[in-house]
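In: predicted model, plus sequence, below.
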Amino acid sequence: MIMPFWLLKSEPDVFGYPDLQRVGREPWNGVRNYQARNNLRAMRSGELCLFYHSNAKPNGIAGVARVSREAHPDNLQFDPASAYYDPRSPMDDPRWSMVEVEPVRAFPRVLTLDDLRALPGWQDSPLIRKGTRLSVLPVSDTEFRAALAAVGLDADHL
DNA sequence: GCCAACGTTGGC
DNA sequence: GCCAACGTTGGC
């Protein structure tokens, strides 16, 4: 069976791939979109994620991360001091989930959005479609391999 | 900084 | 259940 792959968006001004390398592991909290949340809940330990920089110069994939802990309640939804506080999330049935991720491999260069648009196998990805705001999305085996190959990495030997 | 695309909210 | 108003995302 082919392991699912994922893509996580993050603004590098807030938290970029170098930050993930520095801290070693990071709770992926603050996701407040149901489709993205459902994707988080579908993630399994060990699965690999492309780490995408949005609102960046340049926008693109900066590295590979791994799911180090599966979905559990997002801590920020119960914190009134947090921008991600959700007063309507029931304590006994939390609305929002987070996973934890760890760094696997930095890309030798950022694989930019323009690169991805030109990459065979990426034509159907919602990422390159205008108006897609989903911050946690599935990536096909083809897309994953093509992205790594484009920067000279081997998906089977990370 | 602009604005198109999209998700969510809330009145009806 | 519809849909207008609003807020957010994210490329440019």
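Out: Great, that's in hand.
In: alongside DNA strand B, which residues does chain A contribute?
Out: Taking C-beta under 7 Å from any atom of the strand as the measure of proximity, chain A contacts DNA strand B at A:33-35, A:88, A:129-133. Every residue, glycine included, has its C-beta placed from N, CA and C.
In: on the three-state scheme, the residue in chain A sticking out farthest from the centre is what?
Out: When distances to the mean C-alpha position of chain A are computed (C-alpha atoms, centre = their mean), the maximum falls on residue A:92, with 27.1 Å. Of the three states, residue A:92 takes coil under DSSP: H, G, I helix; E, B strand; the rest coil.
In: biggest strand in chain A, by residue count?
Out: Among the segments of chain A that qualify as a strand by DSSP state E, the longest is strand A:97-112.
In: give me the number of residues near the closest residue in space to residue A:113 that isn't next to it in sequence?
Out: For residue A:113, ignoring the flanking residues on the chain, the nearest one in space by C-beta to C-beta, 6 or more residues apart in numbering is residue A:59 at 4.6 Å. A count of nearby residues for residue A:59, using other C-beta atoms under 10 Å, gives 19.
In: how about residue A:134?
Out: As a burial measure, residue A:134 scores 14 neighbours (other C-beta under 10 Å).
In: minimum distance to DNA strand B, which residue of chain A gives it?
Out: The shortest separation between chain A and DNA strand B is 2.2 Å, found at residue A:131 (distances taken as C-beta to the nearest atom of the strand).
In: remind me which residues of chain A are low pLDDT?
Out: Residue ranges of chain A with pLDDT under 70: A:1-2.
In: mind listing the helices for chain A?
Out: Taking DSSP state H to define them, one finds helices in chain A at A:12-15, A:17-23, A:34-42, A:113-118, A:141-150.
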